[in-house]
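J.: make a model of this:
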Amino acid sequence: MTPEQAQQRASLHARIESAITSLADQPAPDQRDALLVEVARYQAAFCVPYGRFVSQRLPGRLIASLDDVPALPTDGFRFARIASRDARDDVRTFESSGTTNDARSRHSFADLSLYDLAARLAARHALFPDLECMRLILLVPPESELVQWSLSYMLARFLTWFW
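T.: Have a look, this model is predicted:
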């Protein structure tokens, strides 16, 4: 990763963290959309498979607005590594269950802090708005048995955050 890419990544990370934290304040749609466009431009520049996809969808054009951002089909995550960094930097990779296809989609993370923040605040808002802690009964195998599933990861965090 070049110093320029690292600086852009850190700046986007901080701005996304701020946006997630302020979701309750409902940020202005134009500010949210501008950030999403910047994230898409970063991904098009530094994630080779997504950059090729954008070039095919927007030949000779740059992403100018949210309407220009092409959504990558989920099959892309089955057949290519979709990431803007080297696999050596991954700390965790989640996989789909593979119930619809033998090839599992994969989503790798170099940092889980934004994932954790978004999951925690969304759960607090939607599931536990009026309680700090409560007893939780999870009717799923423990995370240690399903380390590749993001849901197992998230539910294990719920036990830490809300129990």
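
J.: sec struct for residue 94, please.
T.: strand (DSSP: H, G, I helix; E, B strand; the rest coil).

J.: beta partners for it?
T.: residue 107 (DSSP bridges).

J.: which residues are in contact with it?
T.: Contact partners of residue 94, counting by Cβ atoms under 8 Å, 6 or more residues apart in numbering, are 106, 107, 108, 109, 148, 149, 150, 153. Every C-beta, even on glycine, is put in place using the N, C-alpha and C of the backbone.

J.: at 10 Å instead, please
T.: 77, 104-109, 112, 115, 147-154 (Cβ atoms under 10 Å, 6 or more residues apart in numbering).

J.: surely residue 163 is in contact with residue 136?
T.: Yes - with contact defined as Cβ atoms under 10 Å, residue 163 reaches residue 136; the gap is 5.7 Å.

J.: of those two, which one has the most company?
T.: Neighbours per residue (other Cβ atoms under 10 Å) separate residue 163 from residue 136, with residue 136 holding more: 13 against 9.

J.: how near is the more buried one to residue 142?
T.: 13 Å (Cβ to Cβ, to the nearest Å).

J.: ok, and the closest non-adjacent residue to residue 76?
T.: Sequence neighbours aside, residue 82 is the residue nearest to residue 76 in space, at 5.9 Å (criterion: Cβ to Cβ, 6 or more residues apart in numbering).

J.: for the helix or strand containing residue 125, list the C-alpha coordinates in PDB.
T.: Assigned by DSSP states H and E, residue 125 belongs to helix 113-126. Output in PDB follows, covering the C-alpha atoms of helix 113-126 (Å, rounded to 0.1, in the frame of the first residue of the first chain):
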ATOM      1  CA  SER A 113     -13.600  -1.700  14.000                       C
ATOM      2  CA  LEU A 114     -16.200  -0.100  11.500                       C
ATOM      3  CA  TYR A 115     -18.100  -3.400  11.300                       C
ATOM      4  CA  ASP A 116     -18.200  -3.600  15.100                       C
ATOM      5  CA  LEU A 117     -19.200   0.000  15.500                       C
ATOM      6  CA  ALA A 118     -22.000  -0.300  12.900                       C
ATOM      7  CA  ALA A 119     -23.300  -3.600  14.400                       C
ATOM      8  CA  ARG A 120     -23.200  -2.300  17.900                       C
ATOM      9  CA  LEU A 121     -25.000   0.900  17.200                       C
ATOM     10  CA  ALA A 122     -27.600  -0.700  15.000                       C
ATOM     11  CA  ALA A 123     -28.300  -3.400  17.600                       C
ATOM     12  CA  ARG A 124     -28.500  -0.800  20.300                       C
ATOM     13  CA  HIS A 125     -31.000   1.200  18.300                       C
ATOM     14  CA  ALA A 126     -33.100  -1.600  16.800                       C
END
